[in-house]
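*Asks:* show me how the following folds:
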Amino acid sequence: MSKGQFNLEGRVALVTGSSTGLGKAMAMHLGAAGAKVALNYANNQARAEETFAEFEAAGHTGKLFRASVIDETAVNQLVKDIEASLGPVDILVVNATPDQPQKPIEEYDWNFYQSMLDFFIKSPFLLTRAVLPHMKAQRYGRIINIGSEVFQRGVPNFTAYVAAKGGQNGFTRSLATELAKWEITVNMVSPGWVPVERHENDPQELKDGYLAGLPGGRWGVPMEVAAAVSFLASDEASFVSGQNICVNGAHTVA
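*Replies:* The predicted structure is shown next:
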């Protein structure tokens with residue numbers, strides 16, 4: 001991809017949970033647009049290093065950082081380390097996610113609910129708070145939360161994840177109005193089911209059922225989600241804020 005219209009040269013982007021899946025695609029797309037990208041992971045070092053080697057082989061500029069994005073001390077240190085090596089964060093993409101098993105509500109416990117809130121409420125809060133001083137000082141910033149179509153669709157047997165994503169959506173909307181005076185935009189990109197590595201072992205009947213419900217009759221691909229992120233990160237999206245953009249082939253239209 002050429003830098004083209006969405007030229008992010010001179011910007012520093014942090015993409016959490018970017019060693020695999022959609023996060024990896026986002027980091028690659030932002031890097032191709034010219035941003036210096038901080039790739040983040042928490043656990044699988046070998047996989048993260050393999051992704052970063054691919055990122056560098058593509059000619060992109062950035063650095064790999066290990067940090068838990070649900071730990072306040074780790075988040076604050078992460079942002080400081082990025083600033084020291086790449087520069088202050090101009091573009092924040094909150095993408096990191098845990099496993100999301102679907103269960104009837106009776107089979108969940110509060111600890112699992114809390115884990116969803118940690119990733120989709122606490123993490124965006126901690127990360128946003130850490131990057132805001134620089135964004136406010138320069139009167140420029142892009143905060144992009146990665147949501148999910150499950151909130152719009154009200155997917156059953158998924159209450160913990162859907163509730164937390166709904167909260168993240170509310171956080172995005174409120175923050176957008178709060179930060180508008182500093183010319184900081186806050187948006188959400190909500191993908192549909194886009195098959196990535198963690199879906200490899202999902203039951204075929206589930207995949208077939210989902211695909212049958214897509215109006216266009218085809219799966220989305222990670223780079224289509226990443227392109228929406230790059231748009232929202234760009235100067236062309238300077239008057240787009242408080243929005244939730246579903247990238248799901250018209251699966252949710254109401």
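*Asks:* part of a strand, is R142?
*Replies:* Yes - counting by DSSP: H, G, I helix; E, B strand; the rest coil, R142 is found in a strand.
*Asks:* tell me, how many neighbours does it end up with?
*Replies:* Per other Cβ atoms under 10 Å, the neighbour tally for R142 reads 25. From N, CA and C alone the C-beta is placed, and that goes for glycine too.
*Asks:* one more: Y113?
*Replies:* Burial of Y113 is recorded as 16 neighbouring residues (other Cβ under 10 Å).
*Asks:* also the one 4 residues further on?
*Replies:* For L117, the neighbour count with other Cβ under 10 Å is 18.
*Asks:* doesn't G166 make contact with it?
*Replies:* No - the pair L117 / G166 is not scored as a contact, 11.0 Å apart, by Cβ atoms under 8 Å.
*Asks:* how much space separates R129 from N40?
*Replies:* According to Cβ to Cβ, to the nearest Å, R129 and N40 sit 17 Å apart.
*Asks:* scratch that, V69
*Replies:* 7 Å.
*Asks:* overlap in contacts of those two?
*Replies:* 16-17, 78, 96 (Cβ atoms under 8 Å, 6 or more residues apart in numbering).
*Asks:* top of these by neighbour count?
*Replies:* T16 (29 neighbours).
*Asks:* surely it is in contact with N95?
*Replies:* Yes - in this structure T16 lies within contact range of N95 using Cβ under 8 Å: 5.2 Å.
*Asks:* report pLDDT for L206.
*Replies:* In this prediction, L206 carries a pLDDT score of 80.
*Asks:* element containing it, please.
*Replies:* Assigned by DSSP states H and E, L206 falls within helix 204-212.
*Asks:* same deal with Q168?
*Replies:* If you go by DSSP H and E, Q168 is part of helix 159-179.
*Asks:* show me the contact partners of that helix.
*Replies:* 100, 105, 108, 112-113, 116-117, 119-121, 124-125, 128, 132, 135-136, 141, 143, 145, 147-148, 150-151, 154-155, 185-188, 190, 241-242, 244.
*Asks:* which of the residues you listed fall within helices?
*Replies:* 112-113, 116-117, 124-125, 128, 132, 135-136, 150-151 (DSSP state H).
*Asks:* of these - the most surrounded one?
*Replies:* Using other Cβ under 10 Å as the neighbour test, the ones in helices among the contacts of helix 159-179 are led by P124, with 25 neighbours.
*Asks:* now do the same contact list for it.
*Replies:* 94, 145, 168, 171.
*Asks:* just the pLDDT for the third one.
*Replies:* Each residue has a pLDDT score; the one for Q168 is 97.
*Asks:* next, count neighbours for it.
*Replies:* Neighbour count of Q168, defined by other Cβ under 10 Å: 27.
*Asks:* same check, this time on P133
*Replies:* 11.
*Asks:* tell me which residue of the chain is furthest from the middle?
*Replies:* E106 (29.4 Å; Cα atoms, centre = their mean).
*Asks:* what about that residue, distance to A226?
*Replies:* Distance from E106 to A226, by Cβ to Cβ: 37 Å.
*Asks:* same question, A32
*Replies:* A32 sits 9 Å away from A226, going by Cβ to Cβ.
*Asks:* same thing with G220?
*Replies:* G220 is 11 Å from A226, where distance means Cβ to Cβ.
*Asks:* please apply the same query to A137.
*Replies:* Separation of A137 from A226 (Cβ to Cβ): 28 Å.
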